[in-house]
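**Q** Below are the sequence and a predicted model; questions follow.
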Amino acid sequence: MIEHDGSKEFPELWLGDCDTLEDYGALDESTIQIITASEQAAGQRLDSYAAGVAGLTRSKVQRLIESNDILVNGKAVKPKYAVRAGDEISIFVPAPSETELIAQEIPLDIVYEDADIAVINKPVGMVVHPAAGNPSGTLVNALLFHLKDLSGIGGELRPGIVHRIDKNTSGLIVVAKNDFAHNFLAEQLKTHSVRRTYLALCTGNFKEDSGTVNAPIGRHRTDRKRMAVVPNGREAEGRYAVTHFKVLERFGSMTLLRVELETGRTHQIRVHLSYINHPLVGDDVYGRSKNSLGFIGQALHAAELRLTHPRTGEELIFTADMPETFKNALEKLRKEQK
């Protein structure tokens, strides 16, 4: 078992999963940070200091200060304000403005559908729902065209969406077609009774045949668009996260894993594997080398999904074959082994 021992501060992730909506949505919704200025911060301009601690550009911080979204001790100040030790600085970053949803005739691999749920095999490169930078061409746009009904609990931009997988991760995602099904599935995700299994091609050769990474995950301290393992002493900054893995094949410089999520934190598999120095092949956010196997995105595929049907109570098991690029990469590695 691989446990988080606190020996690492946030690892260097600059070299480049199925998640609950609650976990994942935080990356593109309103956020607020409350920071108490340290002795070392005393005398710095507010705009420079806030940009550094919040992971924002200085121009973005200046606009937030001007719109009173950044306050010092509850009061509006100027960008040039000189920070004092002990100042309480609140930084509110509003959510991006919403865009109007449209139905689009985008091909979908619908693995299963009934009156309550649909299971989709999402391709690599497809964003799950519209957000800043991706107003259309998403899974939601396609769902609106192909499915008659979708639950409304996810909000206007996320109809039917109970959980997500990353843009450049392929595989299975379940969609709720009514609010009853949505609430039922959300509770299963909350209690970890949904079983989500992935195939992952990682860099390096694992010494272990199997193991568990148990390490809390929170937002990266300097890059707020990324996640990281939280060091000991700061557990309150992260959320409990557990990932189980089993080695399926070894290729010397790479290893194929079967990965099962016990929890579903944002980017969990990618962060945990990077943390133990085995980042996913092709992961240009958490990885350490460029992809040389023809992958689009990271080598991660949501291959199996087990859940209880909200209406019948029956256990359902869905599987999805890996994309051709994944298959071809494995065949290339196997030939090189001979």
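**A** Structure received. Numbering: from 1, shown residues only.
**Q** what about the stretch 151-300 of the chain, any weak spots by pLDDT?
**A** 153-157, 224, 233-237, 289 (pLDDT under 70).
**Q** residues in contact with residue 82?
**A** 42, 43, 44, 45, 46 (C-beta atoms under 8 Å, 6 or more residues apart in numbering). Any C-beta I mention is one placed from the backbone N, CA and C, and that applies to glycine too.
**Q** mind running it again at 7 Å?
**A** Applying C-beta atoms under 7 Å, 6 or more residues apart in numbering, we find residue 82 in contact with 43, 45.
**Q** measure stretch 112-126 end to end?
**A** Using C-alpha to C-alpha, to the nearest Å, one end of stretch 112-126 lies 19 Å from the other.
**Q** got the contact list for that stretch?
**A** Taking C-beta under 7 Å, 6+ apart as the rule, stretch 112-126 contacts 108-111, 138-139, 147, 165, 167-168, 170-178, 181, 296-297, 305, 310-311, 318, 320, 323.
**Q** Narrow the residues you listed to those in strands?
**A** Members of the contacts of stretch 112-126 lying in strands (criterion: DSSP state E): 110, 111, 170, 171, 172, 173, 174, 175, 176, 305, 318.
**Q** which of those residues sit farthest apart?
**A** 170 and 176 (21.0 Å; C-beta to C-beta).
**Q** More neighbours: the two, which one.
**A** The neighbour comparison of residue 170 against residue 176 (other C-beta atoms under 10 Å) goes to residue 170, with 29 against 26.
**Q** in the sheet, who's paired with that one?
**A** residue 301 (DSSP bridges).
**Q** I'd say it and residue 323 touch.
**A** Yes: the criterion here is C-beta atoms under 7 Å, and residue 170 meets it with residue 323 at 5.1 Å.
**Q** Overlap of the contact sets of those two?
**A** 124, 301.
**Q** In TSV, list the ones in strands among the contacts of stretch 112-126 along with distance to residue 129.
**A** Shown next, in TSV, are those (distance: C-beta to C-beta, whole Å):
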residue	distance to residue 129
110	17
111	19
170	17
171	17
172	17
173	11
174	14
175	11
176	13
305	19
318	21
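**Q** of all those residues, which comes closest to residue 286?
**A** residue 170 (17.2 Å).
**Q** can you pull the contacts of that closest one?
**A** Neighbours of residue 170 in contact, by C-beta under 7 Å, 6+ apart: 122, 123, 124, 301, 302, 323.
**Q** does the third one sit in a helix, a strand or a coil?
**A** In terms of secondary structure, residue 124 is coil; the call rests on DSSP: H, G, I helix; E, B strand; the rest coil.
**Q** separation between the nearest residue in space to it that is not next to it in sequence and residue 61?
**A** Distances taken as C-beta to C-beta, 6 or more residues apart in numbering place residue 170 nearest to residue 124, at 4.6 Å, with adjacent residues excluded. Using C-beta to C-beta, to the nearest Å, residue 170 is found at 37 Å from residue 61.
**Q** ok, back up a step: please pick the buried ones from the ones in strands among the contacts of stretch 112-126.
**A** 111, 170, 171, 172, 173, 174, 175, 176, 305, 318 (16 or more other C-beta atoms under 10 Å).
**Q** which of those lies closest to residue 54?
**A** residue 173 (31.3 Å).
**Q** Does that closest one touch residue 165 like I think?
**A** Yes: at 5.7 Å, residue 173 and residue 165 qualify as touching, with contact defined as C-beta under 7 Å.
**Q** what comes into contact with the longest helix anywhere in the chain?
**A** Taking DSSP state H as the criterion, the chain has its longest helix at helix 324-337. Helix 324-337 has contacts (C-beta under 7 Å, 6+ apart) with 201, 251, 254, 256, 293, 294, 295, 296, 299, 301.
**Q** Filter the residues you listed down to the buried ones and express that as a ChimeraX selection.
**A** Buried residues within the contacts of helix 324-337, by 16+ other C-beta under 10 Å, are selected in ChimeraX with:
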select :201,251,254,256,293,295,299,301
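**Q** ok, which stretches of the stretch 101-250 of the chain are helices?
**A** 139-146, 179-190 (DSSP state H, counting those that start in this stretch).
**Q** Out of those, which is closest to residue 245?
**A** Comparing the helices of the stretch 101-250 of the chain under C-beta to C-beta, the one sitting nearest is helix 179-190, at 20.4 Å.
**Q** Please identify the buried residues of stretch 57-64?
**A** 61, 62, 64.
**Q** Now flag whichever of those is closest to residue 186.
**A** Closest approach to residue 186 among those (C-beta to C-beta): residue 64, at 32.4 Å.
**Q** so that closest one, which of the three states?
**A** Residue 64 ends up helix, using three-state DSSP.
**Q** Make 9 the first number, not 1, from now on.
**A** That works, and once the first residue is 9, the last one we named lands at residue 72.
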